[in-house]
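Trainee: Provided below for reference: sequence and predicted model.
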Amino acid sequence: AAGVIQSPRHLIKEKRETATLKCYPIPRHDTVYWYQQGPGQDPQFLISFYEKMQSDKGSIPDRFSAQQFSDYHSELNMSSLELGDSALYFCASSRGDPSTDTQYFGPGTRLTVL
Amino acid sequence: DAKTTQPTSMDCAEGRAANLPCNHSTISGNEYVYWYRQIHSQGPQYIIHGLKNNETNEMASLIITEDRKSSTLILPHATLRDTAVYYCIVRMDSSYKLIFGSGTRLLVRP
């Protein structure tokens, strides 16, 4: 079965640079979620989109922005990168009512900020 | 904030059942209990979820107490590949996000 696709899988950036992470949901899934997992930490919710509209927001820095496109893929844009942004970034997708439907996670993007 | 309490770590022998408990004493009537696991830096993997009835799928069984204040995830025949961090998550009815707590680190011994 098709899964969530994330690209790139690994990304190395310098401080103050910009990064763009991409997420392609499972076919026919209309909701996308972004999570951040720092070293030794548990995943933390950042933001979600349902039918291309922002549906929920967590502790996402103002330096980060995200959107969902007409084909339902999503991009997380991160600017003025800081060392503390080094983390795994997971995207998840679901179909139907986001308040009850199951989220399926992608393999993640490992971002390293030097 | 996480609404669940889980043991920090557990272990079991390969081939035996692994029973992972979770307390969620403040759960609301329309909140679901979800279980995910994460195998070393991989994306969290969905296992099972339930509302009030016990549930079973090809991966595991979920037993929810009648008062819904606690639940147990059962892996009937644990294998070495089941070694992972297991997260019990109560999904808030007015929110889309999953709130991960600290989870239980399960070690399956040969």
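Mentor: Thanks, I have the structure now.

Trainee: how about low-confidence regions in chain A?
Mentor: Low-confidence regions of chain A, defined by pLDDT under 70, span residues A:98-100.

Trainee: how about the residues of it near chain B?
Mentor: Counting by CB under 8 Å from any CB of the partner chain, chain A comes close to chain B at A:4, A:31, A:33, A:35, A:42-45, A:48, A:50, A:55-56, A:58, A:88, A:90, A:92, A:98-100, A:102-108, A:110. Placement of C-beta: from N, CA and C, glycine included.

Trainee: give me the buried entries from these.
Mentor: Among the residues of chain A next to chain B, those scoring as buried are A:4, A:31, A:33, A:35, A:42-45, A:48, A:50, A:55-56, A:58, A:88, A:90, A:92, A:98-99, A:102-108, A:110 (criterion: 16 or more other CB atoms under 10 Å in any protein chain shown).

Trainee: in strands, which of those fall?
Mentor: A:31, A:33, A:35, A:44-45, A:48, A:50, A:55-56, A:88, A:90, A:92, A:104-105, A:110 (DSSP state E).

Trainee: ok, how many other residues are close to residue A:93?
Mentor: A count of nearby residues for residue A:93, using other CB atoms under 10 Å in any protein chain shown, gives 29.

Trainee: and it, what does it touch?
Mentor: For residue A:93, the contacting residues are A:4, A:23, A:25-26, A:29, A:31-33, A:72, A:103-104, A:106, by CB atoms under 8 Å, 6 or more residues apart in numbering or on different chains.
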